[in-house]
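Trainee: Need coordinates for the below:
(chains A and B)
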Amino acid sequence: MVSITSTQSLTNALRRSVLDVQTQLSKAQSEVSTGRIADLGLGLGAAIQQDYSYGFRADDLTALTASNTIVSTRLTATDTALSSLASTAQNFLQTLVSAQSGAGSDQGAIQGYAQTGLKSLISALDTSVDGVHIFGGVNTGVAPLADYFSTPSSTSKQAVDQAFFGAFGTTQGGAGAASITDQQMQTFLSGSFADLFSSSGWSSDWSNATDETATNRISLSQTSETSVSANESALRQLAQAYTMVADLGVGSLSDPAYQQILKTASTTMSDAISGLTTLRAKVGVMQKGVSDANDALSAQRDMITTQIGSLENVDPFEASTRLNNLTTQLETSYTLTGKIQQLTLSKYI
Amino acid sequence: MSLTNAGAIANQSLGTIAAQINVVSRNIAGVNVSGYATKTALVSTTSNGGTQINGVARATNAALFQNSLQASATQAAASALSSGFDQIDQALGLSSGTATNTSTNRSPAALLSALQSALQSYSASPSDTTVAQTVLSSAKAVAQALNTASTTVQQLRAQADGEIATSVANINSILTQFQQVNTEVVAGTQAGRDVTSALDQRDALLKSLSSEIGVTTVTRANNDMVIYADGGATLFETSPRSVTFQASASYTASTTGNAVYVDGVPVTGASASMPLQSGKLQGLTQLRDVVAPQYQSQLDETARGLIASFAETDQSGLGGSVPGLFTYSGATSVPGASVIPGLAGDIIVNPNADPSQGGNLDRLRDGGISDPTNSAYVYNTTGAAGFTDRINQLVASFSTAQSFDSSAGLGSSQSLMDYATSSLGWFEAQRQQATDTESYQSTLLSQTTDALSNSSGVNLDEQMSKMLDLENSYQASAKLISAIDAMYTALFQAL
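Mentor: Next up is the predicted model:
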């Protein structure tokens, strides 16, 4: 007997073809609507490792970009604070220089300038961004400097008072102050007074900040310092210059001693100003570093998105053509099933 | 006398045709029965010139039938494996979402990446408790994902174990039925009876047997059949051999499933002397004993890598490292690079960092999570709010190479992030392969089934046209009888 197609295999074949096409159809539908491979795991297999490696890298880049934004905000605030400090300092230096030449040498006014300068220095160094004291080094939870003129006296004020009394046996503006010679004043200013603003003196009496500054990972491979501490020498010198004019009782000193203060204050102040310029340059370098890192991050992310796309995306035209073909095929299968079911000898006998 | 002979022949012919019609109607009844083989009546000439039925033949194709047995066994094995992979994949959401939005993916790797991102944000705002909370909840999500994955894998093993038990019971019941049918075939063949229906039954039983366990058959004298499992163990010879299996009630990572024995010989597992090659049973044991345990090892290694990455070192340089943010109950030191079975199920976020369990979030930044009373493990001794060294260290630990146990199958040295991603890649590669094999074997099976059906199945039209022929022959024979009758009547009237 010649092999003839069995009736069962004929109908089974049709049924299977309909089922098969329907499965493919749902896959094609999902691919057309999302533009991606329907089941990434099945579609990519081992390549999903690569795919998700790219994805995770992109996540890391996004997180870095977000943290860099915070870092940038802080650096901008740092730069603003330093720039206002610099201009105040510049004005104060001019006042000091003109006071030394005798013009407008009102001691009370200069003392007032100095006090304002010191207050603005303290408030600038206490700048906080979202509760983070940006000049605090890593100790960002507390303000680096306390108010010098507060009541009861701040530790810094107490230290200055103590040093003054230790050197001259009298308080600032006290009865014996007028008899201090310029030589004695010079010794005091470069001796026990200067020690108050040395690194160790500053940390014990003035500052809560740490020398260690915040470090942040700003790109995939780069970790760098992202803040300046209130313990920087330029900032200490600023405080030193302001304090010597503001709180050594200039009004009750002899003229030579007063002149000595003005002279030392100008020298210290001009050192501080050049130090500030260096510090601002350092902040500028940090800002540039972060912004360069951001540019690199965004370029890398674009590249990664392209890579992910090349793995996951399907050709939308191919997918929709396939969808159309499958639909046609399914319709044909239905028609065929109907026709073949009709086609039986029993209808004709 | 020739007229009488003619009448006798016509008479015989009616009987023959009736028998043939019987065969045709049996065929028509079997048209939609899978595995029904077309029967043909064997007609021969008798000594008086008439016809008679000598027996009923059954269309067979031994080679195609063997192919179809093999195809259904291989397909069943592939299907068991592939559905196991799909189950894990769906339960854990491993291939959900897309790499451009990894937050939709729930794999351990994706959650690790989320933890790394949270830590990166934390490094920019180490004093912000909201961000610290995000780090903590991301860490919890990672630990939970590993716990869930471990549970799912062990549930799958337990489920496979249960299915093996069902399959074994099924095999035993099929073999018992097989004995009855086989005895009938042998006895019928010896007695010369029509055994074609019994043969159909026997083939159908073989077909269901082969999807449970791969078989090879040998036919002996009198159509007696012997069945061997494809590894060589005897399943049936005159009487069924017992297939035994002791199911395990529950599974942990260190449970080893019991082997299946055929006639007292182990056919699955490491000690199998005649290991199975195909069939559902083989697919299930492969899943239970090889694939799922390997994925479990990878999860355990990921958990161990995580514990090692977050370990805290003694800042005074005296003591060793101890588990920090990630730990497990009874942990005393950081485990070395070898698989600890079930670690993925045991890993937890240290309560010392969790305010809801009496811990302190700041320890994420400052260290000292391992033991708050031991200051040697505190990194930030001053408690400064802007301390980022420890956080930066943790962020870096995700991409620093560390040692892994190579027995888990993913190499021995790579970063934690890469390891977790490799595990995802390994899993999906296996799943893809299993699905491809399954789909190929299904196609092969349906083609083989079609080929077999075409060579031995019933074509309705053919049977109908045969029916018409038989109807005509019947009418002609009946006509002949009445003609002979008329002739005799004419003869008798003439006398």
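Trainee: What is the neighbour count of the residue nearest to residue B:147 when sequence neighbours are not counted?
Mentor: By the measure of CB to CB, 6 or more residues apart in numbering or on different chains, the closest residue to residue B:147 outside its immediate chain neighbours is residue B:345, 5.6 Å from it. In this view, the C-beta of every residue, glycine as well, is placed from N, C-alpha and C. A count of neighbours around residue B:345, defined by other CB atoms under 10 Å in any protein chain shown, yields 21.
Trainee: The one 4 residues further on too?
Mentor: A total of 23 residues lie near residue B:349 under the criterion other CB under 10 Å.
Trainee: these two touch, right, it and residue B:141?
Mentor: No: counting by CB atoms under 8 Å, residue B:349 does not reach residue B:141; the two are 9.5 Å apart.
Trainee: any idea of the pLDDT on residue 53?
Mentor: In the absence of a named chain, this looks at chain A. As summarised for this prediction, residue A:53 has a pLDDT of 93.
Trainee: should've been chain B
Mentor: What the model reports for residue B:53 is a pLDDT of 89.
Trainee: Next, see if the longest helix along chain A gets close to chain B.
Mentor: With DSSP state H setting the assignment, residue counts place helix A:255-312 as the longest helix in chain A. Yes: under the criterion of CB under 8 Å from any CB of the partner chain, helix A:255-312 makes contact with chain B via A:305, A:308-309, A:311-312.
Trainee: Specify which member of these is nearest to residue B:326.
Mentor: Ranking the residues of helix A:255-312 next to chain B by separation from residue B:326, with CB to CB as the measure, puts residue A:308 on top at 29.1 Å.
Trainee: burial measure for the closest one, as a count.
Mentor: Using other CB under 10 Å as the criterion, residue A:308 is surrounded by 22 other residues.
Trainee: dump the residue contacts of the residue nearest the centre of chain A.
Mentor: The residue at the geometric middle of chain A, judged as the C-alpha nearest the mean C-alpha position with CA atoms, centre = their mean, is residue A:71 (0.3 Å). When contacts are counted by CB atoms under 8 Å, 6 or more residues apart in numbering or on different chains, residue A:71 touches A:216, A:218, A:226, A:290, B:124.
Trainee: Give me the subset of those that lies in helices.
Mentor: Residues from the contacts of residue A:71 lying in helices, with DSSP H as the criterion: A:290, B:124.
Trainee: Which members of the contacts of residue A:71 are the farthest-apart pair?
Mentor: For the contacts of residue A:71, with distances taken as CB to CB, the pair at the greatest spread is A:290 and B:124 (10.8 Å).
Trainee: Find residues that contact each of the two.
Mentor: By the contact definition CB under 8 Å, 6+ apart, residue A:290 and residue B:124 are jointly contacted by A:68, A:71.
Trainee: so where is the chain shaky, pLDDT-wise?
Mentor: Defaulting to chain A. Under the criterion of pLDDT under 70, the regions of chain A flagged as low confidence span A:1-4, A:103-105.
Trainee: right idea, wrong chain: chain B
Mentor: Using pLDDT under 70 as the threshold, the predicted model of chain B has low-confidence ranges B:1.
Trainee: Now do the strands in it.
Mentor: Using DSSP state E, the strands of chain B run over residues B:39-45, B:51-58, B:215-219, B:225-229, B:234-237, B:239-240, B:243-245, B:260-262, B:265-266, B:326-327, B:348-349, B:401-403, B:413-415.
Trainee: ok and the residue in the stretch 201-350 of chain B nearest chain A?
Mentor: Residue of the stretch 201-350 of chain B nearest chain A, by CB to the nearest CB: residue B:298 (12.4 Å).
Trainee: Can you report how many residues neighbour residue 159?
Mentor: In the absence of a named chain, this looks at chain A. So residue A:159, with other CB under 10 Å, has 20 neighbours.
Trainee: hmm, I had chain B in mind actually
Mentor: Each residue near residue B:159 was counted by other CB under 10 Å, and the total is 17.
Trainee: again, but for residue B:320
Mentor: Other residues within reach of residue B:320, judged by other CB under 10 Å, total 10.
Trainee: Hmm, it is touching residue B:314, no?
Mentor: Yes: using CB under 8 Å, residue B:320 is in contact with residue B:314, at 6.7 Å.
Trainee: follow-up on the earlier one: neighbour count winner among residue A:290 and residue B:124?
Mentor: The residue with more neighbours, out of residue A:290 and residue B:124 and counting by other CB under 10 Å, is residue B:124; that gives 26 against 23.
Trainee: nearest residue to that one other than its sequence neighbours?
Mentor: Nearest in space to residue B:124, with sequence neighbours left out and distances taken as CB to CB, 6+ apart, is residue A:67 at 3.5 Å.
Trainee: repeat for residue A:240
Mentor: Nearest residue to residue A:240, sequence neighbours excluded (CB to CB, 6+ apart): residue A:197, at 4.2 Å.
Trainee: give me the number of residues near the one you found?
Mentor: 22.
Trainee: Ok, residue B:344 next?
Mentor: 30.
Trainee: ok, residues contacting stretch B:59-71?
Mentor: Around stretch B:59-71, the neighbours that count as contacts under CB under 8 Å, 6+ apart are A:1, B:37-40, B:203, B:206-207, B:210, B:214-217, B:278, B:441, B:444-445, B:448-449, B:451-452, B:455-456.
Trainee: of those residues, buried ones?
Mentor: B:37-40, B:203, B:206-207, B:210, B:214-217, B:278, B:441, B:444-445, B:448-449, B:451-452, B:455-456 (16 or more other CB atoms under 10 Å in any protein chain shown).
Trainee: Keep those, but drop any that are not near chain A.
Mentor: The overlap between the buried ones among the contacts of stretch B:59-71 and the neighbours of chain A (CB under 8 Å from any CB) comes to B:38, B:40, B:449, B:455-456.
Trainee: Just give me the closest of the residues you listed to chain A.
Mentor: Using CB to the nearest CB, these come closest to chain A at residue B:455, 5.4 Å.
Trainee: do you know how far that closest one is from residue B:109?
Mentor: Applying CB to CB, to the nearest Å, the value for residue B:455 to residue B:109 is 51 Å.
Trainee: what do you get for residue B:206?
Mentor: 46 Å.
Trainee: Fine by me, we can end here.
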